[in-house]
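A.B. asks: How does the following fold in three dimensions:
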Amino acid sequence: MNKTGFYSQMIDRNIGLLSPEQQGKLKNSCVSIFGLGGIGGVISEILTRCGIGKLKIVDNDRFELTNINRQIYSFLSTVNKFKVDVTELFLKDINQDLILEKFYEINEKNINLILEKSEVVLLAIDKTKPCIIISRKCREKRIPLIEGWAIPFGNVRVYTEKTPSLEDVYKLPTKEKSIEEIYKMPDEDFKTIDRNVIMSL
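C.D. replies: Below is the predicted model of the structure:
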C-alpha cells in the first residue's frame, strides 16, 4: 500500500473526538504493554487503531488452545506461536507506520530499555514478581503505571509517585526487599503471593 497519506486517512474519524493537536501527541507517544493476553491484547489493538506512534510489547508466553475463549489474537493458526510475534503481525496489518519493539522476557538487564521514552506503562500480567519489578521501576522513573484486571470484575488502577505503590495496595511482603533480593526469592514463595493477590481482588 502507498504510504502517502495513510496515517491521516486511518485516523480521519478520530478528529472531532480528538483535536488535531491531541492526535499529533498520540502519534508521537510511546506506550509499553506488559502482557498480551485477554486485556493486553485488546489494549494493543485499540491503541494501534487510535494511531499511537510507538508500542513496546512484552510477553514470554505462546498461545495455547485454552486462550481461544478470550484472547483477541488467539486462533487455531496461532496456537504454539509466541504472543509477541503474533501480535506484531496483527498490529502491523492495522497500522503500517507503527514503530514496534518486542521483548520476550523482563529482567534486570532489559527493564530500563523497555521503559525508555515510555509515557505510560500498561500492566496486564498475572504473575506478581514481574509486576513488582515493573512497578518499582515506573515509580523510580515517574512513569504512570496502569493496571487492569478482568476478574472477578473489570477494574483499573493507576499508580504514580503520588499514590500508594502496587506493593502497598496488595500488602505484599516484598516492600522492604531490594530488587536483587526479589529476583533471588524462590518461585514457590511467589506462588503463594500470587494466590493471595488473586484472593484479595
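A.B. asks: Please make it C-alpha for all contacts and neighbour counts, starting now.
C.D. replies: OK.
A.B. asks: counting contacts, what elements does the host helix or strand of V158 pack onto?
C.D. replies: Taking DSSP states H and E as the criterion, V158 maps to strand 155-159. Identification of packing neighbours for strand 155-159 by 3 or more C-alpha pairs under 8 Å, 6 or more residues apart in numbering; DSSP states H and E yields strand 145-149.
A.B. asks: Quick one: residues contacting T87.
C.D. replies: By C-alpha atoms under 8 Å, 6 or more residues apart in numbering, the contact list for T87 reads 36, 41, 73.
A.B. asks: picking that back up, helix or strand next in line after the strand holding V158, which one?
C.D. replies: From strand 155-159 onward toward the C-terminus, using DSSP H and E, the following helix or strand is helix 166-169.
A.B. asks: What residues sit buried inside that next one?
C.D. replies: Judged by neighbour count (16 or more other C-alpha atoms under 10 Å), helix 166-169 contains these buried residues: 166-167.
A.B. asks: what are the bridge partners for the residue nearest the centre of the chain, then?
C.D. replies: Nearest residue to the geometric centre of the chain (C-alpha atoms, centre = their mean): I33, 1.9 Å. Beta-bridge pairing of I33 under DSSP bridges involves I57, L122.
A.B. asks: from the contacts of T87, which is closest to K141?
C.D. replies: Closest approach to K141 among the contacts of T87 (C-alpha to C-alpha): L36, at 23.1 Å.
A.B. asks: Using PDB, write down the CA coordinates of the strand holding V158.
C.D. replies: What follows is strand 155-159 as a C-alpha-only set of coordinates in PDB (Å, rounded to 0.1, in the frame of the first residue of the first chain):
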ATOM      1  CA  ASN A 155     -11.300  -2.700  37.200                       C
ATOM      2  CA  VAL A 156      -8.400  -0.300  36.600                       C
ATOM      3  CA  ARG A 157      -5.800   1.100  39.000                       C
ATOM      4  CA  VAL A 158      -3.400   3.900  38.200                       C
ATOM      5  CA  TYR A 159      -0.100   4.200  40.100                       C
END
